[in-house]
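**Q** Need the 3D shape of this:
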Amino acid sequence: MKSLKVLWRVVANELATWCCTSAELDYKKLEFRIENEGMSFLTITLPSFCRDFERGLEWGKIDSSLFIGFSRYSGGPLPKFLVGFLRQVFDTRSGRLLDQPNKDCILAVRQLTLMFGKILIPCSDARVSGALSGYIECEKEVARAAALGSDELYSNFSRIAALLFSDVFSELENELYKGVAAIPRHGPGKTADGLRGNAKFDQTEWTTRLESMFSFIEHASPSWRLGLEKVESGGVNFLEPGAERPVKVVTVPKTLKTPRIIAIEPTCMQYMQQAVAIPLVRLIESARVGKNTRLNAVMGQIGFRDQVPNRLLAELSSISVEGATLDLSEASDRVSTRHVRALVSRWPLLQEALMVTRSLKASVPGYGEIPLTKYASMGSALCFPMEAMVFLTAIYLGIEQGLNRRLTRNDVLSMRGKVRVYGDDIIVPIDSVRNVIANLELLGFKVNSDKSFWNGKFRESCGGDYYDGTDVTPVRVRRVFPTSRSDADEVVSLVSLRNLFYADGFWSTAKHLDGIIEKLLLRFPVVLSTSPLLGRWSVCFEPMAENIHPDLHTPLVRGWEARYRIPKSPTSGFGALMKYFLKQGDDPFADEKHLERQGRPEAVDIKLRWRRPY
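**A** Below is the predicted model of the structure:
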């Protein structure tokens, strides 16, 4: 705790220098609040302070409804805390946004209040229990919304979806019919049945729903003979719908206020979800689709692997004030099976593929097994693609409503550079924002008003925050500080934090962190960002060679290198052959021990090594 307080003070003083003010009284207030409230002041209260600050930027003023729990400066609307920065953004008497607010001060307030908001510290049991209760309540709300949605609404939804994705869906359905699309893959993470690493290639469970479209022999065995032998010998358990293994709902750290809820899928479901998701994403992101290679109507408007377009559009919107950035609450958990069925209602084979690869129930701690109305929780390979397509369709429902006529393909093409969806990060034209929000809510989604912006000059999307074209994204502390070199994850995180601060111009803060790191590591050389060593970035000093490689004659420096141990994971002959035919990745066998070790690293340590500084 002390190291985090000291870091806050160092960052505050550096920002105060930038903004020609003082932060000493702010630090005293911070110390007092931490003594009374503990860590939650840094991780919960300060991020709430920033949400009110952003509301002020959005509304163009500060009023008495904001900054509850903080005393006011001179009886006016501004809080005393951070007032040296705030009064360079808002008028101290009226609370109105200044005509030319100091953008460095906007960055300062956001940096000092959001710095610890996403630190990886486990939530209390009460907050975990509350999150699971919220998951159950969300499921009930999804069921109600799906039942209440009018047939006319979903008919229009299907029509818009066909206009947007007809080329993509038709091509994918054709590939599924020919059997060329469904090439399954295993992910690196955990599975509900406990299979990890190479064990996933030797599956013993399959569902009868999967078998109706994707047979075990064709998709999970290396040959017909071996597959038949395994099936006939009882080596595969085919599960009826009522006996299917549920997804395993778990919580993972997100913020100290609330954890993130994800669902761990059974191996066979996750495996075949990838078989549908991979070609779907490929087609959606293609410039041209189909036999006639017609221009893809949604190209550039939806993305799955690159967040940069969203950030660039958010930055441009903060200048032009023509685009609105919207954020949805519980986005993936509110996409229902009715949404997905309506999305692909005209493509029965694709609809069947999407439904048989969807888990039917979830095992929730404290609640047992529950049937699922949602299409899929976070953790399904199809969750992210399906939610993005559903949201884009809902957006165009709103845009059509504003046009007062049927939407055309040319209308969709004209929106390129104005509409963008990446998961639940949405950007739409301001003149359509009200209609878009109304249709999203009609379909059962919740727009997060605290993180949606269109009135002022502040925009945020996909981790990029901008005010009037200036990047005001804060550097975030992800882990507590290490106490020794054995805290390898924390050491790696601290070095990364130091270099992020340095890259953003916080040189005094970087120097402060240098002192902490040097005491831990003793050796902390100057390196380039491409070096495998844990070192410091610098624009003032070149990496200095301490030695020369005896064979390659390249410069070497001595420093600490993070090493990740891949867990042991032996496989059978069946699984090894299956892995060969799937050929996952560019070169899955570059590691000669890939049949002995596989999966996500189970531990990390750091070792002193001679390595290149670039």
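
**Q** and the worst-scoring helix or strand of the chain on mean pLDDT, what other elements does it pack with?
**A** Ranked by mean pLDDT, DSSP states H and E, the helix or strand of the chain with the weakest confidence is helix 573-582, at a mean of 83. Applying 3 or more Cβ pairs under 8 Å, 6 or more residues apart in numbering; DSSP states H and E, one finds that helix 573-582 makes contact with helix 224-232. In short, each C-beta sits where N, CA and C put it, glycine included.

**Q** related to what we said a few turns ago, can you state the direction angle for the least confident helix or strand of the chain and helix 224-232?
**A** If you take axes from the mean of the first three to the mean of the last three Cα atoms, to 10 degrees, helix 573-582 sits at 130 degrees to helix 224-232.

**Q** Now helix 573-582: buried residues?
**A** Residues 574, 575, 576, 577, 578, 579, 582 are the ones in helix 573-582 that count as buried (16 or more other Cβ atoms under 10 Å).

**Q** Over to stretch 411-430?
**A** For stretch 411-430, by 16+ other Cβ under 10 Å, it's 411-412, 415, 418-429.

**Q** Among the residues you listed, which are located in strands?
**A** Residues of the buried residues of stretch 411-430 located in strands (DSSP state E): 420, 421, 422, 425, 426, 427, 428, 429.

**Q** Can you give me the pLDDT of the fifth one?
**A** In this case it means residue 426. Listed pLDDT for residue 426 reads 96.

**Q** swap in the first one?
**A** With respect to pLDDT, residue 420 scores 97.

**Q** Bridged to the residue nearest to it when sequence neighbours are not counted, which residues?
**A** Spatial nearest neighbour of residue 420, chain neighbours left out: residue 427 (4.4 Å); criterion: Cβ to Cβ, 6 or more residues apart in numbering. Beta bridges link residue 427 to residue 325, residue 420, judged by DSSP bridges.

**Q** in terms of contact, does residue 427 touch residue 326 like I think?
**A** Yes: between residue 427 and residue 326 there is a contact under Cβ atoms under 8 Å: 7.5 Å.

**Q** follow-up on the earlier one: name all residues that make contact with the residue nearest to residue 420.
**A** The contact partners of residue 427, by Cβ atoms under 8 Å, 6 or more residues apart in numbering, come to 310, 313-314, 317, 323-326, 418-421, 461.

**Q** Show me which pair in the ones in strands among the buried residues of stretch 411-430 is furthest apart.
**A** Farthest-apart pair in those is 422 and 429; separation 16.8 Å (Cβ to Cβ).

**Q** what does the helix or strand hosting residue 143 contact?
**A** Using DSSP states H and E, residue 143 sits within helix 125-148. Residues from elsewhere that reach helix 125-148 (Cβ under 8 Å, 6+ apart): 123, 249, 251, 256-259, 261, 330, 333-334, 336-339, 364-367, 370, 372-374, 443-444.

**Q** Identify those among these that sit within strands.
**A** Secondary structure from DSSP E places 249, 251, 261, 364, 370 of those in strands.

**Q** Now flag whichever of those is closest to residue 305.
**A** The shortest approach to residue 305 among the ones in strands among the contacts of helix 125-148 belongs to residue 261, at 23.5 Å (Cβ to Cβ).

**Q** partners of that closest one in the sheet?
**A** Beta-bridge pairing for residue 261 (DSSP bridges): residue 251.

**Q** now for the longest strand seen in the chain, which elements pack on it?
**A** If you go by DSSP E, the chain has its longest strand at strand 555-565. Applying 3+ Cβ pairs under 8 Å, 6+ apart, we find strand 555-565 packed against helix 488-503, strand 533-534, strand 547-548, strand 603-611.

**Q** Just give the strands next to the second one in its sheet, each with its orientation.
**A** Sheet pairing of strand 533-534 (DSSP bridges) gives strand 555-565 (antiparallel).

**Q** For the partner strand, which outside residues touch it?
**A** Against strand 555-565 from outside (Cβ under 8 Å, 6+ apart): 485, 488, 491-492, 521, 523-525, 527, 532-535, 543-549, 601-613.

**Q** re earlier: check which residues of the next helix or strand after the helix holding residue 143 are buried.
**A** Using DSSP H and E, the helix or strand that follows helix 125-148 in sequence is helix 151-178. Neighbour-count burial for helix 151-178 flags 154, 156-176 (criterion: 16+ other Cβ under 10 Å).

**Q** swap in stretch 304-323?
**A** Burial within stretch 304-323, assessed by neighbour count using 16+ other Cβ under 10 Å, is assigned to 304, 307, 309-318, 323.

**Q** Run the chain-centre distance for that stretch.
**A** Mean-position distance between stretch 304-323 and its chain equals 17 Å (Cα atoms, centre = their mean, to the nearest Å).

**Q** what comes into contact with that stretch?
**A** Contact with stretch 304-323 is made by 281, 284-285, 300, 303, 324-325, 384-385, 388, 417-418, 420, 422, 425, 427-430, 454, 456-464, 466-471, as judged by Cβ under 8 Å, 6+ apart.

**Q** can you check stretch 464-475 too?
**A** 57, 101, 103, 106-107, 110-111, 114-115, 307, 310-311, 314-315, 318-319, 457-460, 463, 497, 500-501, 504, 506.

**Q** now swap in stretch 209-228 and tell me
**A** Contacts of stretch 209-228 (Cβ under 8 Å, 6+ apart): 179, 182, 184, 203, 206, 230-231, 236, 238, 241, 244, 268-269, 271-272, 275, 352-353, 355-357, 574, 577-578, 580-581.

**Q** In PyMOL, select just the buried ones from those residues.
**A** Applying 16+ other Cβ under 10 Å to these leaves a buried subset, and the PyMOL line that selects it is:
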select buried, resi 182+184+203+206+230+231+236+244+268+269+271+272+275+352+353+355+356+357+574+577+578
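
**Q** What residues does the residue nearest to residue 59 when sequence neighbours are not counted make contact with?
**A** In space, and not counting its chain neighbours, residue 59 is closest to residue 455: 6.8 Å by Cβ to Cβ, 6+ apart. Residue 455 makes contacts with 58, 59, 60, as judged by Cβ under 8 Å, 6+ apart.

**Q** Tell me how many other residues surround the second one.
**A** For residue 59, the number of neighbouring residues by other Cβ atoms under 10 Å comes to 16.

**Q** again with the first one
**A** When neighbours are defined as other Cβ under 10 Å, residue 58 has 18 of them.
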